[in-house]
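Engineer: here is my input; please provide its structure:
(chains A and B)
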Number of protein chains: 2
Amino acid sequence: MTEENTYLLGVDSGGSHVTADCYDEQGEVVGHGEAGPGSIVLDLPQTLANIVSAIEKATAALPNKDWKCQRILIGIAGWESSQQQELFATEITSRLRDYAGQVSLTSDARLALLSALEGQDGLLAIAGTGSIVYAKNAGRLSRAGGWGWLLGDEGSAYQIAAEAVKAVLHTNDQGQVHPLAHLVLSYFSASSIPELVAAFYQAPRPQIAGLAKQLAGQADAAPIFAHQAKLLAQQILLLFKRNPGINPLLALAGSVLTHNPLMQAELGRIISQQAPALTIKIANSPNTRGVLFN
Amino acid sequence: MTEENTYLLGVDSGGSHVTADCYDEQGEVVGHGEAGPGSIVLDLPQTLANIVSAIEKATAALPNKDWKCQRILIGIAGWESSQQQELFATEITSRLRDYAGQVSLTSDARLALLSALEGQDGLLAIAGTGSIVYAKNAGRLSRAGGWGWLLGDEGSAYQIAAEAVKAVLHTNDQGQVHPLAHLVLSYFSASSIPELVAAFYQAPRPQIAGLAKQLAGQADAAPIFAHQAKLLAQQILLLFKRNPGINPLLALAGSVLTHNPLMQAELGRIISQQAPALTIKIANSPNTRGVLFN
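Structural biologist: Next up is the predicted model:
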């Protein structure tokens, strides 16, 4: 095998944008590219174009003009429920013929699992703006939660933020002032409770979720993080119980679980009490790294 | 006083439509009219026109051409937080000069309180698509809850419906089938859990809230009604505690509290345990009736 075809290309094709990373033999990133939305359920030609564009950027600086990747692994949002898997596979394979000997397609979830668990079986809890828990057991993928901001997303930044606002309102109903009221009101540029409520309903969800980051350093927010950690832990334990014999590894991913010490500590405490067999690791490598473990 | 000027006109000027009822000396409805939206925060000229139109319909069939109402009471959505109270009062009084000797303006909440409590002090819990709890104590109005579908509305049809859908999803995560799954899936014309989730996010809120009515007769929905009744009871008890010496009368209004026996029974049980002094009455007369007690 010559040096030119030892590159591995991981592509994370998500709802809001596509990320492509080119890895060398040592698993180091040697090229990075990004492009627009990449969900298979949205505009299909656009998604194909964005994937090719991200790959072109990720490979633009490769030293040898005759390089070819050993393989490309693309994790695509909406893949599992898509009716267009075959059409998409044919199209993308023909477009990427010049770049790689082998092009594989999977869901963005499985790409994240491969990356976070480094190819092993185990559990993965993701909590960012939303949340979901996955299990990979003897190749079989299962999930818990992840039903979105209105029906699920326990432990997510959005739910943490919403719980904080509700706590401020509830304390106001009691004729008192919540210790987080000042922080919450200023975050939404509100000078009164009705203004806070109005601002919350007008704010885009990512902006609401951003409050979670502000709360991370606040001791008064500890009960909120503890509650959300408990809800997420319940889903992890549920999936662990439903997969007897699974490799006892739990990876934590997403901004809330990788950056928030209150959340991490509380989740770790519950898991070590209820499922002491589970080893917890923080997974903050990019999903594209999944290509190394396919 | 001649017969002509003994009529009383109540106008419920709400966010989605205006209702006007004309009452005779005995408090019987002798004329009814409806028109489009009537919130003061929306289109002001349109709201004025809709109020006049509803009143014209409600008085069209009055026998004596020379009649004049003794008074008109208009309860207006958004009244308390409006900056345009004075402008609105001037405009509406001049337009209604031909109809009444006295025109009074108040909030839609106070109109509902006057009607439900028949002019007395006390508490009013409303749970329809949304929910809120009011107290009227020595003329002073206070409230708890009512922060809308994302932040409050405990005990409302929307929250009952959302809790039922969440229960179905959670049981599905456990690898089981919730006893209400069939009913919930058919209500949303869904044949699978992902279809249910997709349909929920696409459905308008009143349609989601409509599920609560379907659940009303289901024994399997009892824990859901019990939980939502508990949340609403907490707000009632909070407001009762914050108003020492208030007349111990609790009126229940809105479709959920006037029509749902499971909800009524559970709320009644909690209130009689925690605040045995409170007398509960079901208030299902129209808000316009508030004019009789002003």
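Engineer: which bits of the stretch 101-250 of chain A sit near chain B?
Structural biologist: A:143-145, A:147-148, A:150-152, A:162, A:165-166, A:169, A:173-175, A:194, A:197, A:200-201, A:235, A:238-239, A:242 (Cβ under 8 Å from any Cβ of the partner chain). For glycine as for every other residue, the C-beta is placed from the backbone atoms N, C-alpha and C.
Engineer: spatially nearest residue to the residue sitting furthest away from the middle of chain A, not counting backbone neighbours?
Structural biologist: When distances are taken from the C-alpha mean of chain A, residue A:175 lies farthest, 39.4 Å away, according to Cα atoms, centre = their mean. Spatially, and ignoring its direct neighbours in sequence, residue A:175 is nearest to residue B:242 (5.7 Å; Cβ to Cβ, 6 or more residues apart in numbering or on different chains).
Engineer: residue A:117 now?
Structural biologist: residue A:251 (5.4 Å).
Engineer: and chain A, what are its domains?
Structural biologist: By the record's domain assignment, chain A is partitioned as A:3-116, A:119-284 (automatic domain parsing).
Engineer: where do the helices sit along chain A?
Structural biologist: Along chain A, counting by DSSP state H, helices occupy A:44-59, A:85-95, A:108-116, A:148-151, A:157-173, A:181-187, A:193-202, A:205-209, A:211-215, A:222-241, A:255-259, A:261-274.
Engineer: sorry, back to before: ok, the residue nearest to residue A:175 - contacts?
Structural biologist: By Cβ atoms under 8 Å, 6 or more residues apart in numbering or on different chains, the contact set of residue B:242 is A:174-175, B:135, B:142.
Engineer: list the contacts for residue A:33?
Structural biologist: Going by Cβ under 8 Å, 6+ apart, residue A:33 touches A:19-21, A:53-60.
Engineer: the residues you listed, buried ones only, as a ChimeraX selection?
Structural biologist: The ChimeraX selection below is limited to those of those classed as buried (16 or more other Cβ atoms under 10 Å in any protein chain shown):
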select /A:19,20,21,53,54,55,57,58,59
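Engineer: just to revisit the earlier point, which phi and psi does the residue farthest from the centre of chain A have?
Structural biologist: Main-chain dihedrals, residue A:175, degrees, to the nearest 10: phi 80, psi 20.
Engineer: what about chain A, any weak spots by pLDDT?
Structural biologist: Residues of chain A meeting the criterion pLDDT under 70: A:1-5, A:65.
Engineer: so what's residue A:194 up against?
Structural biologist: By Cβ under 8 Å, 6+ apart, residue A:194 lies in contact with residue B:81.
Engineer: that one and residue B:40, how far apart?
Structural biologist: To residue B:40, residue A:194 is 15 Å away according to Cβ to Cβ, to the nearest Å.
Engineer: what number of residues lie near the residue in the stretch 1-150 of chain A positioned nearest to chain B?
Structural biologist: Nearest to chain B in the stretch 1-150 of chain A, going by Cβ to the nearest Cβ, is residue A:144, at a distance of 4.3 Å. Residues lying near residue A:144 (other Cβ atoms under 10 Å in any protein chain shown) number 28.
Engineer: likewise the one 5 residues further on?
Structural biologist: Here the count is done by other Cβ under 10 Å, and residue A:149 has 18 residues near it.
Engineer: my guess is it contacts residue A:160, does it?
Structural biologist: No. Assessed by Cβ atoms under 8 Å, residue A:149 is found out of contact with residue A:160, at 11.8 Å.
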